[in-house]
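Enquirer: dropping the sequence and predicted coords here.
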Amino acid sequence: MNTLPMLPMMLCANGLHNGDICTFSGTANLMAAGAGANAGLAKFDMDLYNGGAMRFFWSELPVVVDLSGMSHRNDSPVFRDHNPSLLVGHTERVWIEGSKLRVSGVISGGTTSANEVLQSSKNGFPWQASMGAEIETVEEVSKDASVTVNGTTFSGPLLVVRKSKLMEASFVPIGADDSTIARLISASRGSSISPKSALPNKDKGKNMNPELKEWLKAQGMSDADIKSFDIESPTGKMIKASYDASLTSSEPVPTPATPTSIVPDAIQAQRETAALEAERIGKISTVCAGNTSIQAKALREGWSSDRAELEVLRASRGNDAPQGNGGKMKPIHAKALEASALIAGGTDPMVIEKTYDEQTLEAAGRIANEYGGMNLSSLFLAAARQNGYTGHSTKVNREVLESAFGRLNASGFSTIDIGGILSNIANKSLLNGFNGVEQSWSSFAEIGTANDFKTMTRYRLTADAKFERVANGGEIKSGTLGEESYTNKVETFGRLFGISRQDFINDDLGALTAIPRKLGRGASLKLNDVFWASWLDDAAFFTTGNKNYITGAATVLSIAGLSAAITKFRRQTDANGDPMGLEPVYLVVPPELEATAREITNSTSVNSGGASTAAQIPNANIYGGRFQIIVSSYLTNTTAWYLAANPMDLASIEVAFLNNRRVPYVEQSDADFANLGVQMRGYFDFGVSKQDHRAAVKSKGAV
């Protein structure tokens, strides 16, 4: 036996899901109005669970709940079909009686659902009861072992819910325990009404006491009904008891017009039951859509249409081939599973709506409902079952993991590519991390592309292209072309992260989005490292010989220093010694100089200082709004600053990306089955290299 801590996933019977809850079913009794504080309210009691083994769609093994390990409170809510929006009432007492879990309470909900339960029970509808319990610990009993639970010995294999917490009780049409039938109590009389008909289609009334026949006629029953009346049925016994009571009662026998007649009530209950059965059969025929084996079993065993639909969906998993009468049983679609995980992971709804069509989103909702909500375990279990996994595990173990990746599929064909799903989810979360890191480099760098990882040479044409005067009838002289070259080389940078066993145990769906964000951030950090390392490696780039470097006390960032740098920039000449005619556009500064840069460029007026004569105080800032300020924390020299040209005119530095992919790739790598984890790798192909020295000027900003 292995005691397993349960993953916080939805484990529910009846196809009903509500929080981390598992439902178990029994009988429901509706009784006469209560007294005291709840006077006037109809009361009920429920046999929520009889202590035996049950079957659920989420487990291939029988399940037994250990009542000794269940905690509860007496005033638990009571719903219809485990839906909190369908309030019926509340419990007043919860207790264990032998091997049964029982509750009693009142129909206190002032809702349509409460009225429906009351009216349906009056009409003879056989309500069953179902509890919603939060599962904490499950014990797996092996095939050759046995275990005693709730006073009964069970043989393995099976699952035992050792610790749980009662969260709510519900009235349900069909429960997980089909061996129990609800005994409904008339709210007006406290008499037991069985859902079984008291009027079978056989001659049961031929030997009936003549006085009883006359009494039944007085209650409004026809001769035909009396002829087929079964006095030994539960309803028959109830009616016979009323008849016997009338013999000793001093009250007059009711006339046929009496509105409280119980016999027509019983007949109407039969009709209602027949109508509900016909409706159930019709719905099952519709949802089965030609799957005759499931349809026959559903009709034979009294399934609800919801359960039949669930079985059809389960049967369709792992089989994408046409079946039956040529219809196609649709399996879980990878896009729908992907969308379901992204929605559960808190992805922006606008992104979801733009990425997936309406049909895919509807399918995603159905998957989430089927698995009781999407989490990390649900994602892998859904993929595993789609790829042929038939085990009963509700947690991600090695077999589930390998099935999710299609490694245990005997046919070698996987209908769900969990690796692709993980990669798609990751790439949609990648940009948040990538763009969360400083992107200032992109403003003044030229963006290039490369087709491979070879060293590439960039050529820039130079020319003696200045026009010359052409004499009358003269010949236009040819110019001369030259070229300057610069190199760059793309390299690959990457990192590996993993969804660990701990993530699976914690059922952390956020790991699917957190890891890509980390990878995106890591890629952006590396790009910044490489870019700024290249920019700051400038001993041969910013020099007095290249005429793009100024130094000295007068070069600190100020009006005077900025004027000196602008002059140096404008004095740049091409290979022929002619002025370049470039405009400085970007003012690149470290964080320590940001305030000064913004004061200089954003102020509307500037006091130049010096003597106090009015002629030395300009009335306007000639550099106001002149430059785009770029601040980078990677500039470690706190006094140096730069002017740079628009890279579209002339680039001082280039960042080249392989195949123009400007964000990293994130992929799922092979699953680490030894450590029960999944690895995700991110890689980024780029190269950085400085280009033309005439496109930038550096100021040392100090002596």
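Expert: Nice, thanks for sending it over. Numbers count the residues shown, from 1 in each chain.
Enquirer: tell me the mean pLDDT over whichever strand or helix holds residue 280?
Expert: For residue 280, the host element (DSSP states H and E) is helix 262-288. The average of the pLDDT scores along helix 262-288 is 66.
Enquirer: tell me the buried residues in the helix or strand that that helix is followed by?
Expert: Using DSSP H and E, the helix or strand that follows helix 262-288 in sequence is helix 292-301. Neighbour counts over helix 292-301 (16 or more other CB atoms under 10 Å) mark 294-295, 298-299 as buried. C-beta: built from backbone N, CA, C; applies to glycine.
Enquirer: who are the packing partners of helix 292-301?
Expert: With contacts defined as 3 or more CB pairs under 8 Å, 6 or more residues apart in numbering; DSSP states H and E, helix 292-301 has these neighbours: helix 262-288, helix 305-316.
Enquirer: what's near enough to touch residue 541?
Expert: Contacts for residue 541 were tallied using CB atoms under 8 Å, 6 or more residues apart in numbering; they are 548, 690, 693.
Enquirer: just among the residues you listed, which is most surrounded?
Expert: Neighbour counts for the contacts of residue 541 (other CB atoms under 10 Å) peak at residue 548, which has 25 neighbours.
Enquirer: please name the nearest non-neighbouring residue to it.
Expert: Leaving aside its sequence neighbours, residue 548 sits nearest to residue 697 (CB to CB, 6 or more residues apart in numbering; 4.8 Å).
Enquirer: could you do residue 298 as well?
Expert: Leaving aside its sequence neighbours, residue 298 sits nearest to residue 308 (CB to CB, 6+ apart; 4.1 Å).
Enquirer: go on, residue 643?
Expert: With sequence-adjacent residues excluded and distances taken as CB to CB, 6+ apart, residue 643 is closest to residue 584, at 4.0 Å.
Enquirer: just residue 693 next, same as before
Expert: In this structure, residue 693 finds its nearest non-sequential neighbour in residue 546, 4.5 Å apart by CB to CB, 6+ apart.
Enquirer: so how far is residue 689 from that neighbour?
Expert: Going from residue 546 to residue 689 by CB to CB, to the nearest Å gives 16 Å.
Enquirer: quick one: the residue nearest to residue 693 and residue 692 touch, right?
Expert: No - contact status for residue 546 versus residue 692: not in contact, 9.9 Å apart, counting by CB atoms under 8 Å.
Enquirer: can I assume the residue nearest to residue 548 sits in a helix?
Expert: No - counting by DSSP: H, G, I helix; E, B strand; the rest coil, residue 697 is not part of a helix but strand.
Enquirer: any idea how far it lies from residue 587?
Expert: From residue 697 to residue 587 the distance is 11 Å (CB to CB).
Enquirer: can you list the domains in the chain?
Expert: If you go by automatic domain parsing, the domain ranges for the chain are 2-192, 334-416, 441-467+479-538+667-690, 549-652+695-699.
Enquirer: quick one: which of those domains is nearest residue 304?
Expert: Evaluated over the domains of the chain, closeness to residue 304 peaks at domain 2-192, with 4.5 Å, by CB to CB.
Enquirer: secondary structure class for the nearest residue to residue 165 once chain neighbours are set aside?
Expert: Leaving aside its chain neighbours, residue 165 sits nearest to residue 134 (4.4 Å; criterion: CB to CB, 6+ apart). Following three-state DSSP, the label given to residue 134 is strand.
Enquirer: pretty sure residue 134 contacts residue 164?
Expert: Yes - using CB under 8 Å, residue 134 is in contact with residue 164, at 6.2 Å.
Enquirer: ok, these two, which is more surrounded?
Expert: Relative neighbour count places residue 164 above the other of residue 134 and residue 164, with 24 against 18, counting by other CB under 10 Å.
Enquirer: re the thing from before, name the residues contacting each of residue 697 and residue 587.
Expert: With CB under 8 Å, 6+ apart as the test, residue 697 and residue 587 both reach 642-643.
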